[in-house]
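K.L.:
Quick check, what structure comes out for this input:
(3 chains)
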Amino acid sequence: MSWTRYLKTYQVQLKNNFVREAVYRTNFLTAVTVDAIWIAIEFSLFSVIYANVETLAGWSRHQVYFFLGIFFASDALFTIFFQRNFWNFSDLVNKGELDVLLTKPVHPLFLALSRSINLTAGFNIFMGLGIALKYAEPAGFEGGWRWLLVFVWLLVGLITALLLRFAFSVWVFWTDRSWALSRMYYQFFAFATKPDSIYPKTIRYLILTALPFAFIGSVPTRALLHGLSLQEYESLAAVLLIFLGLNAVLWKMGLRRYQSASS
Amino acid sequence: MNTSKAGSAVIVVKNIRRSFRSTVKKEGLKGALGLLFKPQFQEHEALKGVSFSLEQGSFNGLIGANGAGKTTLLKILSGLIPPSAGEARVLGHDPFKRALDFRRQIALVMGQKAQLWWDLPAMDAFDLLKAIYEIPTPLYQERLNTLAELLDVKRHLQTQIRRLSLGERMKMELIGAILHWPSVIFLDEPTIGLDVFAAHKLREFLKVFNHKEKATIILTSHNMDDIEKLCTRVLILRSGELIYDGRPQGLTEEGERRLRVRFMERTEPAQISKISGLPISSIEQSAESSEEDEKTESETPAYLIQLKQDQIVNVLQSLMQSLHIVDMGIEQQSLERVIQRIYSEEKELGTSPQAEHL
Amino acid sequence: MKFEWRLAALKNGFQDATAYQIEFLFEILGSAFVPAAIQWVLWYALFQTGGATEIGGMGYQDMVFYTMVSLLFSQIRGGDHDFELGELIRNGQLSNYLLRPVSVVEFIYIRGVAPRLFIALLCLSIGVFLGFLFDFSVLRMFGAMLLALIGNIIHYQIGASLATAAFYWEEAYSIFMVKNMLVSFLSGELIPLNLFPEKMQWIWKCTPFYLYVYGPTQYALGRWTHEEYLFQLGVAALWLFGAWAMIKLSWGVGMKRYLSLGG
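P.N.:
As a prediction, the model looks like this:
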């Protein structure tokens, strides 16, 4: 019973976003050009580097390009479903939108995070996947049915980004300037834009555990190219579960604070 | 479980208290560091033991100055915040548990906060509410039709909400809030910022809806017209305490009258007090007439005398024996004035801790 | 020239930025640490694990010096007060500013630049200290900081011109995202610009962005002669003037439209 309500609600949100995009027709340009330029910059960065060396920490030029494709597709997924909702996240508390959401018979987070769906960013998934497709063979990706695995790993990337972004946003309950932390998210996010193997040990350990930005694109790519060890699968699952638990606790605590501070 | 029968209590509040802490921030770097390591809290009591119970289908006005605790009370009743002590029951539920069944039956409208998302036409925003509350399509269409007609906004349904005027927007908010036919509606200053005409339309609508659907409504407002024209019962909060609970007429009808007299002779409140036997505190020189004085110098000032209805004849008789009355009138005290007096007493008490959080 | 309101705006901007000291500190550290770490990691991977000895005429040590010193200047160029201008136009708050007897464009700049000036002072002291440690010229450090500050003005001027897009387009913020991405690459804060392949050098030379970070760093490290520096100061002056003319033009046209639409 309950899940049909959520499904229907999501359907309406989707429809409403179609309406919204019809209003802002120029949106397409925004979503696509921004990402295209970003892709171009990352590519030129690596082409400058690979003009000088053959391999980088065991990654060949084409493997890195394949990684960029997977990474962009994963990020595009986040852009479509969550990016704008997190931009608006601080309004929940600062403008008191949470009050109204709390009185609705649906989970307030569901409403807050399903509100904006950036449909035009869907094009960026194809850009990412196109790049991955182009460099799959020279990168040594075996392809075939394994392309199905790509979607599984994109989902892992999306979940990671969601959990991390939430962990950086939930502090809005405690600080008036939560954008400082949101900005930090994007600063750390820069670590995700490079294959994790090139980092020195400490940083690499960090982005595989406490700040698992490597799960957004780098680990999925490695899994697709060479497979992961059992231990890596285990730690991936453990880290994501811990983050889920942490987020749930932080949300509860934040809500309690919200409710005790207001008069 | 919704056990409300006609005439039975839908909202029961027993000795509710609510205190909240706010951090005290000091100036400068030292203050900020202090805040980080050893935060200092200040306790405020927003509600100090409030009890009442409201019947099904009643239209209740909640008034009080800023900071008196109105919004706090509404937040507790709608389940947004828990009371620090005491018990609240709404439709048989503990509001703060926010049970699904409870959330389906209530509506909260805050005049200063929008719940509809502004970048959509109202129609699409309502679609979302239809899905959230699982309103069957035929019922939904029927309700939307009725509401849009009553509030006269049919032609605006396809307009993006941000392009509507404040009045139209508030009407849309109201429609959105009651599309699911709630049994209890909390309205926090719904007419704030509206022009006289829009406010009137909104009031008319609320009256009809309350009458027809037997929904229990609690409304806070600073606009006395709202209270006078709508409410069958008034609750007045002052610094977190319930100081009045009863019919709105009860506030003005306790036999209190105001006598306005002007005498031929120049006189003083003390003299009037002596003649009439009324306490001097109940006599004041009318502010309006003293202005007129400047224009027509010969005129003497008018005096306003507070008294009970049954005293009028005696007082007038004794006044006439010593002075010549040129002009006089008897006024019933308006609700507005009564409320003003209550508000100003609060200021004198100096207990209003701070402005209400919105 | 009236200085009172400028001074007041400066003070106000500084107080505003530092009202939450912890966040302010985090922001500086975050925006300095992460890009530097990523750069350093790249050099590390290239030279230590990749086995390269020289890239574009620069060795490992040159690269590390570049990264270190460029940080001092990349902190100056930032600030998103140009973005703030666009928001003012979009949400109509511009009207409030128009009532004041001061230029909006200048007012927002002065308010926004206040914390940057503070950071500039901080970076200059660090730079002088580094100069004693590694034997860089103190005079060059001052000159480099001057260029970086001029760069800050040019950066804002360009942003202020772009902000006028908000007169016509609701989602003008995307222009800033594109601009900031281009700047982050072409200012030289990601990689030294001389690493560009010979044929692509013109790309960065035809924008003023290299004057923000790359230019000052080159001068501070003694890789630019004094003559070269003076020449580049002249180029910067030309950009200043050109961007000033752009502001006059774009705001003149945009404001006419804004006022004709009734604010």
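
K.L.:
Please make it C-alpha for all contacts and neighbour counts, starting now.
P.N.:
OK.

K.L.:
quick one: what helix or strand has residue 85 in it?
P.N.:
You didn't say which chain, so I picked chain A. helix A:84-87 (DSSP states H and E).

K.L.:
Sorry, I should have been clearer: chain C.
P.N.:
Applying DSSP H and E, one finds residue C:85 within helix C:81-91.

K.L.:
Go through that helix and flag the buried ones.
P.N.:
Within helix C:81-91, the residues scored as buried using 16 or more other C-alpha atoms under 10 Å in any protein chain shown are C:81, C:82, C:83, C:84, C:85, C:86, C:87, C:88, C:89, C:90.

K.L.:
and what of stretch A:73-91?
P.N.:
For stretch A:73-91, a neighbour-count test (16+ other C-alpha under 10 Å) marks A:73-86, A:89-90 as buried.

K.L.:
do stretch B:304-319 as well
P.N.:
Neighbour-count burial for stretch B:304-319 [16+ other C-alpha under 10 Å]: B:304, B:305, B:306, B:307, B:309, B:312, B:315, B:319.

K.L.:
and what of stretch A:172-181?
P.N.:
Judged by neighbour count using 16+ other C-alpha under 10 Å, the buried positions of stretch A:172-181 are A:172, A:173, A:178, A:179, A:180, A:181.

K.L.:
Run the contact check for that stretch versus chain B.
P.N.:
No: using C-alpha under 8 Å from any C-alpha of the partner chain, we find that stretch A:172-181 stays clear of chain B, coming within 11.1 Å at best.

K.L.:
okay, how far is it across that stretch, tip to tip?
P.N.:
Terminal residues of stretch A:172-181 lie 9 Å apart, using C-alpha to C-alpha, to the nearest Å.

K.L.:
From residue C:35, how far out is residue A:189?
P.N.:
For residue A:189 relative to residue C:35 (C-alpha to C-alpha), the value is 11 Å.

K.L.:
what touches both of these two?
P.N.:
Here residue A:189 and residue C:35 have no joint contacts, going by C-alpha atoms under 8 Å, 6 or more residues apart in numbering or on different chains.

K.L.:
Show me the beta-bridge partners of the residue nearest to residue A:52 when sequence neighbours are not counted.
P.N.:
Computed as C-alpha to C-alpha, 6 or more residues apart in numbering or on different chains, the closest residue to residue A:52 that is not its neighbour in sequence is residue C:55, at 6.4 Å. In this entry, residue C:55 is beta-bridged to residue C:58, by DSSP bridges.

K.L.:
Spatially central, which residue of the chain would that be?
P.N.:
Using chain A here. residue A:161 (3.2 Å; C-alpha atoms, centre = their mean).

K.L.:
Hmm, no, I was thinking of chain C.
P.N.:
So for chain C, C-alpha atoms, centre = their mean, it's residue C:77, sitting 1.9 Å from the centre.

K.L.:
Pretty sure that residue sits against residue C:151.
P.N.:
Yes: if you go by C-alpha atoms under 8 Å, residue C:77 and residue C:151 touch, sitting 6.7 Å apart.

K.L.:
Show me whatever sits in contact with both of these two.
P.N.:
With C-alpha under 8 Å, 6+ apart as the test, residue C:77 and residue C:151 both reach residue C:212.

K.L.:
Secondary structure of residue B:13: a strand, I assume?
P.N.:
Yes: counting by DSSP: H, G, I helix; E, B strand; the rest coil, residue B:13 is found in a strand.
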